Each structure stands twice: as structure tokens, then as C-alpha cells.
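*Asks:* okay, structure incoming, though there's no sequence with it:
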């Protein structure tokens with residue numbers, strides 16, 4: 001549901017950037033035909049199967065987008081949409097102004113990248129695959145972080161990225177060991193404290209504390225996911241509470 005809500009957020013901003021009224025979006029479902037204004041804004045909808053549907057925007061809600069095309073009235077599920085672009089040159093009017101297009105695109109890229117890392121962690125990809133995915137993720141996230149003002153959105157996004165980086169670091173350092181000794185690994189000692197990672201067994205002797213490497217990584221991944229889950233409402237607030 002949260003990924004669907006993000007799609008709606010980015011769709012709404014795309015509409016705003018094209019000059020449409022935010023009132024065209026209904027949160028409770030399609031409006032009656034008598035309530036709809038004559039569509040005047042052209043839209044190109046690219047579906048996930050590669051098909052492009054051209055037409056005129058009517059309205060959208062949290063489930064679907066409605067347009068008038070050459071084939072007649074169409075209702076397209078948001079889950080089937082890859083991207084949306086408006087071909088009008090009109091601009092928004094009124095008191096509210098959305099962030100610049102490059103910021104919106106950067107946010108979308110960063111959230112998608114972090115979602116992909118969340119999925120990679122869930123299926124436990126290999127270290128090589130994880131490292132490869134992290135290269136692109138760091139580029140997308142660090143780029144938008146450099147443009148965001150200080151605040152909860154920037155903080156949570158940075159914490160999510162940091163956690164995925166930390167998981168990679170401990171994975172690479174302890175690749176040959178299943179048991180990690182914080183007394184012999186400063187990185188393990190740092191992450192044990194940072195992420196409240198429990199030892200394999202309790203002991204009063206710090207030199208005998210042992211950590212399970214895979215459990216460490218799982219705990220760090222869960223921390224990362226918790227930050228990613230906070231992003232959708234923060235993105236919404238950043239865009240609309242301006």
C-alpha cells in the first residue's frame with residue numbers, strides 16, 4: 001500500500017507541475033460523470049508492459065488513473081503504471097507550489113532504490129549482488145540528500161542508506177567468519193552498540209562477547225527497513241506542506 005501511496009504522491013505532483021488543480025484527485029473513489037470537467041490536459045501513460053497510452057487526464061485516486069483516449073474512457077490501475085508525463089506547457093497557479101521537477105525525480109529515484117535494497121535484503125542476495133546494487137543506490141540517494149534541506153525526511157533517508165552501508169561493511173569484514181568477537185573487531189563493537197545487537201550468550205567479560213555475523217546483518221537490515229517505511233508520509237509532507 002505504501003508504494004501505491006508513493007505513486008499517487010508523485011502522480012499528484014506531476015499533475016500540479018502540468019497546471020492541473022489538486023481538486024481533480026479524489027481520495028474516496030471516482031467522481032460522478034456529472035461532476036467531471038471537460039478534460040483539457042494531455043497525458044502520456046507508460047505501462048509496466050511497455051505500452052504507452054495517450055489521452056486526456058480526467059482524474060485519479062489512490063487506486064487508479066482515469067483518462068480519455070482514442071479508444072474511449074479508460075481507467076488504469078496505478079499498480080500497472082511505470083511512468084506518467086503531461087505534455088501541456090501550462091504552469092501551476094495559486095499559493096502552493098511543488099518542489100522543482102529535479103527534486104521530485106530525485107526523491108522518486110532514491111525511494112525506489114532503497115525499496116530495492118529492502119527487497120534484496122529480504123531475499124538475502126549474495127554479497128557480490130548486494131555490493132553491485134549498493135553502487136546505484138548510493139548514487140541515487142546521495143544525490144538527493146545533497147539537495148534536501150535538513151529535516152526528518154533527509155534524516156530518515158540518510159539513516160536508511162547508512163544502515164545498508166553498515167551491513168555491507170560488516171559482511172565484507174567478516175566474510176570468512178560466522179562468529180564475530182567485538183573485542184577483536186572495532187567495527188563489530190561499534191555496530192553492536194549502534195544497533196543494540198544482542199550477543200550469542202550473556203557474559204560479564206567483554207573479551208568473551210560473541211556475535212553471530214548473520215544475525216548482526218539481519219538486525220542492521222531491519223533497522224534500515226524501519227527507516228525506509230517512514231519515507232512515504234515524510235515525502236508527502238515535504239511536497240505538500242510548503
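*Replies:* Cool, got the structure. Everything numeric in this text was worked out from a predicted model, so none of it was measured.
*Asks:* from residue 215, how far out is residue 73?
*Replies:* 54 Å (CB to CB, to the nearest Å). C-betas here are computed from N, CA, C, even on glycine.
*Asks:* between the two, point out the one with more neighbours.
*Replies:* Between residue 73 and residue 215, residue 215 has the larger neighbour count (other CB atoms under 10 Å), namely 15 against 12.
*Asks:* what is the helix or strand harbouring the more buried one packed up against?
*Replies:* Here residue 215, judged by DSSP states H and E, is contained in helix 213-229. Judged by 3 or more CB pairs under 8 Å, 6 or more residues apart in numbering; DSSP states H and E, the packing partners of helix 213-229 are helix 101-123, helix 152-173, strand 179-180, helix 186-194.
*Asks:* check what pLDDT the most centrally placed residue in the chain gets.
*Replies:* Centroid-nearest residue in the chain: residue 111, 2.1 Å away (criterion: CA atoms, centre = their mean). We have a pLDDT of 93 for residue 111.
*Asks:* can you pull the contacts of it?
*Replies:* Counting by CB atoms under 8 Å, 6 or more residues apart in numbering, residue 111 makes contact with 6, 228, 231, 232, 235.
*Asks:* before we move on, the earlier item: okay if I get the helices and strands packed on helix 213-229 as CSV plus distance to residue 205?
*Replies:* What follows is the helices and strands packed on helix 213-229, written out as CSV (distance: least, CB to CB, whole Å):
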stretch, distance to residue 205
helix 101-123, 32
helix 152-173, 22
strand 179-180, 16
helix 186-194, 14
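*Asks:* I'd say residue 215 and residue 197 touch.
*Replies:* Yes. Residue 215 is within contact range of residue 197, at 7.2 Å (criterion: CB atoms under 8 Å).
*Asks:* got phi/psi on residue 183?
*Replies:* When read as degrees, to the nearest 10, the backbone of residue 183 gives phi -70, psi -20.
*Asks:* measure the residue lying closest to it once chain neighbours are set aside to residue 179 for me?
*Replies:* Nearest residue to residue 183 in three dimensions, chain neighbours excluded: residue 207, at 4.6 Å (CB to CB, 6 or more residues apart in numbering). Using CB to CB, we find residue 207 at a distance of 14 Å from residue 179.
*Asks:* do the same with residue 237
*Replies:* Distance from residue 237 to residue 179, by CB to CB: 43 Å.
*Asks:* and the protein, what are its domains?
*Replies:* Following automatic domain parsing, the chain resolves into domains at 2-86, 101-240.
*Asks:* picking that back up, reformat the contacts of residue 111 as TSV; add distance to residue 65 and pLDDT.
*Replies:* As requested, the contacts of residue 111 are exported to TSV (distance: CB to CB, whole Å; pLDDT from 0 to 100):
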residue	distance to residue 65	pLDDT
6	15	63
228	25	96
231	22	91
232	19	85
235	19	86
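*Asks:* from those, which ones fall inside helices?
*Replies:* Mapping these onto helices (DSSP state H) picks out 6, 228, 231, 232, 235.
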